[in-house]
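> sequence first, then the predicted structure:
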Amino acid sequence: MRIGIFGGTFNPIHLGHLRAAEEVREALDLEKVLFVPSYIPPHKELASDVPGSVRLEIVRLATRSNPFFELSPFEVEQGGNSYSVRTIEHVRQRFEAVPWFILGQDAFNEILTWYQASRLFELAHFAVMSRPGAERPELADVLAEEAARFRPAPDGYVSSEGNRIVFVHVTPLDISSSKIRDLRRQGRSITYLIPKEVEEYIGRERIYE
Ligand code: ATP
Ligand code: MG
């Protein structure tokens with residue numbers, strides 16, 4: 001099965017996430033994209049105190065109309081620090097396939113700081129999405145000595161074990177969760193930046209006010 005894993009804090013999920021995931025799904029012909037909200041992000045403080053259960057609900061509302069998108073509560077249910085290696089191992093077992101790990105260029109540029117970074121490249125293929133404001137450096141500048149196992153291939157790189165890194169240019173949407181939280185804090189409109197259902201939920205529950 002051709003399966004994608006899209007992790008994030010999704011605090012909240014926005015149209016930048018959704019459109020980028022849809023374009024990657026189409027570009028890589030994925031049969032399913034699992035959206036995996038993280039429990040405690042190891043690399044950043046959660047900007048607002050929004051529990052996992054609420055972020056799960058937000059992602060559920062945002063993804064339910066797309067038959068290719070599926071919500072995975074795996075990291076929230078696991079609790080503790082969320083490590084992508086664990087999530088990838090879980091997905092490999094569940095689907096008996098090597099998944100595509102989907103992330104933005106900004107996140108990819110920091111991947112060496114992730115838990116067991118080197119194993120990540122053995123467990124999954126990578127789909128790196130362009131993102132406004134994020135540069136695309138040379139692979140060696142991002143992966144340091146890890147880059148040695150990759151050689152150039154169509155759209156990106158392939159490792160000696162056959163694991164791929166593919167760069168997908170997606171429609172540039174300069175939207176971030178931080179921007180949405182800022183607008184909310186200032187009492188400003190977030191209409192057309194996030195799905196209508198999520199906007200209504202956030203308004204009703206008075207989140208990020
Ligand atoms: P924050 O501002 O809180 O960091 P964010 O908008 O970056 O939020 P995250 O949950 O941190 O959202 O991102 C999850 C994943 O989605 C990351 O891999 C990130 O690079 C990617 N991503 C987020 N927004 C976009 C976008 N507008 N275009 C492409 N990729 C994106
Ligand atoms: Mg981010």
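Happy to help now that I have it. Residues are numbered from 1 along each chain as shown. Ligands and ions are numbered 1, 2, ... in the order given.
> could you pull out the helices for this protein?
Taking DSSP state H to define them, one finds helices in the chain at 15-28, 52-63, 74-78, 84-95, 105-108, 117-123, 139-143, 177-185, 196-205.
> in JSON lines: the ones you listed, plus distance to ligand 1.
From N, CA and C alone the C-beta is placed, and that goes for glycine too. Formatted as JSON lines, the helices of the chain follow (distance: least, C-beta to the nearest ligand atom, whole Å):
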{"stretch": "helix 15-28", "distance to ligand 1": "2"}
{"stretch": "helix 52-63", "distance to ligand 1": "9"}
{"stretch": "helix 74-78", "distance to ligand 1": "12"}
{"stretch": "helix 84-95", "distance to ligand 1": "10"}
{"stretch": "helix 105-108", "distance to ligand 1": "4"}
{"stretch": "helix 117-123", "distance to ligand 1": "13"}
{"stretch": "helix 139-143", "distance to ligand 1": "14"}
{"stretch": "helix 177-185", "distance to ligand 1": "3"}
{"stretch": "helix 196-205", "distance to ligand 1": "13"}
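> using JSON lines, lay out the ones you listed together with mean neighbour count and mean pLDDT.
Formatted as JSON lines, those follow (neighbours: other C-beta atoms under 10 Å; pLDDT from 0 to 100):
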{"stretch": "helix 15-28", "mean neighbour count": "19", "mean pLDDT": "98"}
{"stretch": "helix 52-63", "mean neighbour count": "21", "mean pLDDT": "96"}
{"stretch": "helix 74-78", "mean neighbour count": "18", "mean pLDDT": "95"}
{"stretch": "helix 84-95", "mean neighbour count": "18", "mean pLDDT": "98"}
{"stretch": "helix 105-108", "mean neighbour count": "19", "mean pLDDT": "98"}
{"stretch": "helix 117-123", "mean neighbour count": "17", "mean pLDDT": "95"}
{"stretch": "helix 139-143", "mean neighbour count": "16", "mean pLDDT": "97"}
{"stretch": "helix 177-185", "mean neighbour count": "17", "mean pLDDT": "96"}
{"stretch": "helix 196-205", "mean neighbour count": "15", "mean pLDDT": "97"}
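> closest one to Gly133 among those?
Set against Gly133 and scored by C-beta to C-beta, the helices of the chain come closest in helix 105-108, at 7.2 Å.
> so which other helices or strands are in contact with the closest one?
If you count contacts as 3 or more C-beta pairs under 8 Å, 6 or more residues apart in numbering; DSSP states H and E, helix 105-108 packs onto strand 125-129.
> and the residue in the chain that ligand 1 sits nearest to, what is it in contact with?
Going by C-beta to the nearest ligand atom, ligand 1 is nearest to Gly104 of the chain, at 1.9 Å. When contacts are counted by C-beta atoms under 8 Å, 6 or more residues apart in numbering, Gly104 touches 20, 128-131, 134.
> now swap in Lys32 and tell me
By C-beta under 8 Å, 6+ apart, the residues touching Lys32 are 1-4, 68-70.
> got it, and Glu197?
Glu197 touches 61-62, counting by C-beta under 8 Å, 6+ apart.
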